[in-house]
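Chemist: Structure of the sequence below:
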Amino acid sequence: MKSTLHKADSRGHANHGWLNSYHSFSFANYYDPNRMGFGTLRVLNDDEVSAGMGFGTHGHSNMEIISIPLEGDLEHKDSMGNTTIIRNGDIQVMSAGSGVQHSEYNHSKEKKVKFLQIWVVPNKANVEPRYDQITLKKSDMTNTLYQILSPRPEDDGVWIHQNAWFYLGNFDTKTEIMHKVNNQSNGVYLFLLEGECEVGGEILKKRDALAIEDAETIDLAIEKDSKVLLMEVPMAN
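Modeler: Model prediction:
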């Protein structure tokens, strides 16, 4: 197993007043030639949006865009006719494909909204744009890595046009778990949302990440109550 630790404070940071964002990979005005992505995982932004503010209508194409709210309510509108509210416990996916316009706003006029914005490069270009949103059960994620995304529509979670699998788990202190990688050509980007855990001899704390390659299985030892996002993606498209 080959791994690289990305500490939380090594991320890019942009504070626009209404938007406070941390970038795991090069994005907008943050550029690091060594952090251009991880395989087909291109963007992992940790965003906090002020009350009533948000991203105005803008366009994307040929990108799989996943949003995971962590706190508060996010209002989504798009050119496909969707108008929805995404809350903590929901997962949103949008296949931009041949082109889509959308906006994302903090639905609340009083509280901040916090969410992860994730982009994955698709394995098919110019597909018909698509939107989906599901609500997860918190009990399904207790002391297990619960699948929230895959390449197959019939699987648990949402699906995207890429051989990728995402998992979320809420773990109690001193829990141990093993993840078997679905595809041996894939890498794993493990992002610790909360808590503390040990993986491959590395200690991860809140918002640290571990980029893992050449592993058939990954063992996690939870040192403190933790919330884990595990993203398995192809290393080449």
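Chemist: CA only for contacts and neighbour counts going forward, please
Modeler: Will do.
Chemist: contacting residues for the residue nearest to the spatial centre of the chain?
Modeler: Geometric centre of the chain, nearest residue: Ile118, 4.5 Å, by CA atoms, centre = their mean. Ile118 makes contacts with Leu41, Arg42, Val43, Leu44, Asn45, Ile65, Ile66, Ser67, as judged by CA atoms under 8 Å, 6 or more residues apart in numbering.
Chemist: will you turn those residues into JSON lines that also has neighbour count?
Modeler: Below are the contacts of Ile118 laid out as JSON lines (neighbours: other CA atoms under 10 Å):
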{"residue": "Leu41", "neighbour count": "25"}
{"residue": "Arg42", "neighbour count": "20"}
{"residue": "Val43", "neighbour count": "23"}
{"residue": "Leu44", "neighbour count": "22"}
{"residue": "Asn45", "neighbour count": "22"}
{"residue": "Ile65", "neighbour count": "21"}
{"residue": "Ile66", "neighbour count": "23"}
{"residue": "Ser67", "neighbour count": "20"}
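Chemist: Just list the residues touching Gly200, thanks.
Modeler: Here Gly200 is in contact with Ser3, Ile218, Asp219, Leu220 (CA under 8 Å, 6+ apart).
Chemist: distance of the first one from Ala215?
Modeler: Distance of Ser3 to Ala215, computed by CA to CA, to the nearest Å: 9 Å.
Chemist: Which residues does stretch 120-135 contact?
Modeler: 40-43, 61-65, 80, 82, 86, 89-100, 157-158, 160-163, 237.
Chemist: Report the buried members of those.
Modeler: Buried residues within the contacts of stretch 120-135, counting neighbours by 16 or more other CA atoms under 10 Å: 40-43, 61-65, 86, 90-97, 99-100, 157-158, 160-163.
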